[in-house]
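> Structure of the sequence below:
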Amino acid sequence: MKALHILKQYFGYDKFRTGQSEIIDAILNGQDTLGVMPTGAGKSLCFQVPALIFDGITLVVSPLISLMQDQVHALVQSGIPAAYINSALTAAQTRKALSLAAQGTYKIIYVAPERLESPDFLYFAREANISMLAVDEAHCVSHWGQDFRPSYLNIGTFLAYLQRRPVIAAFTATATDIVKEDIIRLLGLDEPFVRTTGFNRENLYFEVRQPYDKFEEVTAYIAQHPGKSGIIYCATRKTVDELADQLNAAGISAARYHAGMAQEERTMSQQQFTFDHVPIVVATNAFGMGIDKSNVSFVIHYNMPKNMESYYQEAGRAGRDGTPADCILLFSRQDIVINTFLIEQTDPDSALGSLEQEAAKARDFRRLREMEAYCTTMSCLRKYILKYFGDIEDCECGNCSSCNAVTAMVDVTTYAQKILSCAHRMRGRFGMVMLIDVLRGAKGRKLIDAELNFLTTYGIMLGEPQEKIRQIANFLIQEGYLAVTGDRYPTVQTTQKAREILQDGLSVQMPAAEDWADTWEASGGVGAERTKKRTEGQASMRAKNRFEKRAKSNANPHDYDVDAVLFEKLRTLRSSLAAKEKVPAFVIFSDSTLFDMCHKMPRTEHELLAVSGVGNVKLEKYGAEFLEILAQSIV
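So this is what the prediction gives:
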């Protein structure tokens with residue numbers, strides 16, 4: 001009950017989200033804890049709430065200065081004494097912060113992992129009453145995680161130095177089984193309570209597009225969503241610079257962020273975006289963990305990321321306040337070439353032996369293939385993501401481009417027989433490109449030298465579009481009739497299951513986009529029109545469900561039954577207060593809180609407290625001004 005009271009008093013919420021209550025209870029019982037929760041699921045509250053109940057100080061190890069600053073700003077605005085200690089402070093500021101901390105001024109102190117080696121900090125920590133050490137982005141401790149940071153290995157040494165061992169609570173958004181094991185072992189978690197919440201973020205819409213011109217696709221999307229805040233991720237620094245220049249030249253205000261920029265430039269870009277001075281930031285994955293901005297309405301990946309872990313973490317920075325948001329990936333075959341090059345050029349981890357380094361690179365190529373499969377699947381994108389992370393939730397999506405597309409179930413049995421027959425004759429020695437070339441009767445030197453032009457299946461799909469064959473082959477892979485093996489140079493081979501098509505006469509029905517279905521039907525596809533009419537109805541229903549979900553969440557006051565004029569007045573007041581306090585606007589109140597105000601139209605302080613995100617501290621600080629604007633609208 002005390003935890004719920006604190007949740008409402010300081011953070012303004014009436015109940016915990018999935019998994020939060022169990023994790024908090026374990027921590028309060030003195031049990032080490034590992035929480036694996038997707039971005040936006042409320043990991044921070046899992047250690048912030050216990051921190052206010054414990055007698056002593058909670059240290060939070062965090063990898064990014066920007067994340068520390070955002071979270072400390074938000075805590076202070078909620079009436080919680082908090083501070084951060086990192087390289088952004090001068091030596092004098094650090095000494096003052098440590099002095100105040102020693103006096104018990106702060107309940108929560110954020111520190112960079114490198115700080116754990118500082119003699120001044122070690123002296124403070126050894127003498128302080130530290131009740132809990134929370135490790136944010138805990139996957140950074142593992143060589144097998146996507147963001148390994150050697151400084152995270154200092155945590156175990158730091159803990160051994162303390163006079164009294166605190167409760168240890170580790171959190172991450174994504175972690176494979178091997179990464180979970182590493183976190184437990186390297187942080188020395190003692191028989192921890194481990195809680196992995198569902199990875200499903202229902203408010204996120206997932207879409208993969210393969211546009212002819214990516215820049216035109218981006219500008220068209222931005223034009224359709226004026227004023228919305230978003231992140232555009234690119235694979236390389238060069239692409240970031242080019243795209244940011246193009247957008248600004250087109251009159252679209254956009255900041256840029258990558259590791260090749262000076263620290264001052266990166267800080268400026270981060271602040272411009274965080275404080276809503278520019279609506280869009282174009283960035284590499286250096287604009288990474290801990291982006292705490294709650295009103296990001298879209299994340300566009302201009303290039304396909306190297307792995308699903310990175311993609312879901314980056315995409316998850318959209319819709320952190322629970323309102324609907326778009327996660328759109330612009331895919332092209334060149335993205336595979338770029339990522340292959342990046343994996344090859346990655347500096348080897350010196351802490352790993354040569355065999356482990358080879359295994360790590362092989363793992364990266366396997367993850368790249370999984371990412372490519374996501375970009376080419378016709379199946380539900382959400383289910384693909386959940387399955388990848390081992391979440392077996394059987395969700396009815398209706399909120400991704402695959403589910404909402406008007407598709408037809410096309411009979412591709414003849415095509416499948418030809419592809420499988422050719423793959424069988426190639427004996428698993430070649431990759432997808434060569435398989436397609438043989439089927440289309442290409443005359444490349446490598447193909448001729450391998451004498452593949454003498455196969456009976458050479459040229460049996462002459463005249464068929466390359467992408468059409470590739471899509472059917474990818475479908476056969478996803479359905480288990482073909483298998484891809486090998487890491488750097490993957491090869492394609494038939495599986496035992498292929499006999500069902502080649503020998504047993506099994507017919508193969510594949511979902512295809514409407515325009516493809518029409519083409520295939522004209523060339524002899526079986527039953528396409530009949531199935532298309534059925535799936536059009538399904539797609540219409542799914543689109544309706546998506547609309548209703550968005551309407552229910554009221555993501556855009558101009559589209560749904562929220563007083564747009566009132567919402568803008570509340571936003572203007574919030575911006576004014578944020579400028580006065582020198583904090584990002586979402587630190588005052590999130591967009592979802594403003595939406596809730598518009599719905600509930602509170603007249604009194606008691607009624608305002610019923611608005612999600614309004615706690616006692618913020619009610620006292622800002623309640624009168626927001627109630628005044630609401631009262632004017634009621635009249």
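> Only C-alpha atoms from now on, for both contacts and neighbour counts.
Fine.
> Quick check: chain neighbours aside, which residue is closest to residue 14?
residue 8 (5.6 Å; C-alpha to C-alpha, 6 or more residues apart in numbering).
> Where does that neighbour sit: helix, strand or coil?
Judged by DSSP: H, G, I helix; E, B strand; the rest coil, the three-state class of residue 8 is helix.
> Next up, the contacts around it.
Counting by C-alpha atoms under 8 Å, 6 or more residues apart in numbering, residue 8 makes contact with 14, 614-616.
> Before we move on, what's the pLDDT of it?
Confidence at residue 8, expressed as pLDDT, is 87.
> Now do it against residue 77, distance only.
To residue 77, residue 8 is 14 Å away according to C-alpha to C-alpha, to the nearest Å.
> What residue in this protein is the furthest from its centre?
In the chain, the residue that sits farthest from the middle, by C-alpha atoms, centre = their mean, is residue 454; the gap is 47.5 Å.
> Quick check: the gap between that residue and residue 418.
For residue 454 relative to residue 418 (C-alpha to C-alpha), the value is 16 Å.
> Settle this for me: residue 293 is touching residue 274, isn't it.
Yes - using C-alpha atoms under 8 Å, residue 293 is in contact with residue 274, at 6.2 Å.
> Restricted to buried residues, select the contacts of residue 8 in ChimeraX.
A single ChimeraX command selects the buried members of the contacts of residue 8 (16 or more other C-alpha atoms under 10 Å):
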select :14,614,615,616
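> out of the contacts of residue 8, which one sits closest to residue 229?
Proximity to residue 229 was ranked across these by C-alpha to C-alpha; first place goes to residue 614, at 22.9 Å.
> how much space between the closest one and residue 140?
34 Å.
> now residue 109
Look at residue 109 and residue 140: by C-alpha to C-alpha, they are 20 Å apart.
> and if you look at residue 484?
30 Å.
> Repeat that for residue 251.
Applying C-alpha to C-alpha, the value for residue 251 to residue 140 is 38 Å.
> who has more neighbours, these two?
Using other C-alpha atoms under 10 Å as the criterion, residue 251 and residue 140 rank with residue 140 on top: 22 against 8.
> In a strand, that one, correct?
No - counting by three-state DSSP, residue 140 is located in no strand; its state is helix.
> That one: what's its closest spatial neighbour, skipping adjacent residues?
Among residues not flanking residue 140 along the chain, residue 148 sits closest, at 4.3 Å (C-alpha to C-alpha, 6+ apart).
> element containing the one you found?
Per DSSP states H and E, residue 148 falls between elements, in no helix or strand.
> Backbone dihedrals for residue 229, please?
The phi and psi values for residue 229, taken as degrees, to the nearest 10, are phi -90, psi 130.
> What residues does it make contact with?
276, 279-280, 295-298.
> so of those residues, which ones are in strands?
Within the contacts of residue 229, residues falling in strands by DSSP state E are 280, 296-298.
> Low-confidence regions, this structure specifically.
1, 145-146, 288-292, 348-352, 392-396, 406-407, 513-562, 635 (pLDDT under 70).
> change it to 50
522, 524-555, 557-560 (pLDDT under 50).
> mind giving me the domain split of it?
Per automatic domain parsing, the structural domains of the chain span 2-196, 204-390, 413-507, 564-634.
> if we compare the ones you listed, which one ends up closest to residue 398?
Once the domains of the chain are compared by C-alpha to C-alpha, domain 204-390 is nearest, at 8.6 Å.
> now the end-to-end length of that closest one.
Using C-alpha to C-alpha, one end of domain 204-390 lies 19 Å from the other.
> Check the offset of that domain from the chain's centre.
9 Å (C-alpha atoms, centre = their mean, to the nearest Å).
> what sits against residue 169?
Contact partners of residue 169, counting by C-alpha under 8 Å, 6+ apart, are 27, 32-35, 47, 132-135.
> Could you list the buried residues of the host helix or strand of residue 419?
Assigned by DSSP H and E, residue 419 belongs to helix 413-425. Within helix 413-425, the residues scored as buried using 16+ other C-alpha under 10 Å are 413, 415-424.
> Quick one: list the elements packing against it.
Here helix 413-425 touches helix 432-439, helix 466-478, strand 491-494, helix 499-502, going by 3 or more C-alpha pairs under 8 Å, 6 or more residues apart in numbering; DSSP states H and E.
> Now with 10 Å, please.
With contacts taken as 3 or more C-alpha pairs under 10 Å, 6 or more residues apart in numbering; DSSP states H and E, helix 413-425 sits against helix 432-439, helix 466-478, strand 482-485, strand 491-494, helix 499-502, strand 509-513.
> For the last one, output the C-alpha coordinates as PDB.
So the one you mean is strand 509-513. Only the C-alpha atoms of strand 509-513 are listed here, as PDB (Å, rounded to 0.1, in the frame of the first residue of the first chain):
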ATOM      1  CA  GLN A 509      -1.100 -20.800 -50.500                       C
ATOM      2  CA  MET A 510       0.900 -17.500 -49.900                       C
ATOM      3  CA  PRO A 511      -0.400 -14.100 -48.900                       C
ATOM      4  CA  ALA A 512       0.500 -11.400 -51.500                       C
ATOM      5  CA  ALA A 513      -0.200  -7.800 -51.900                       C
END
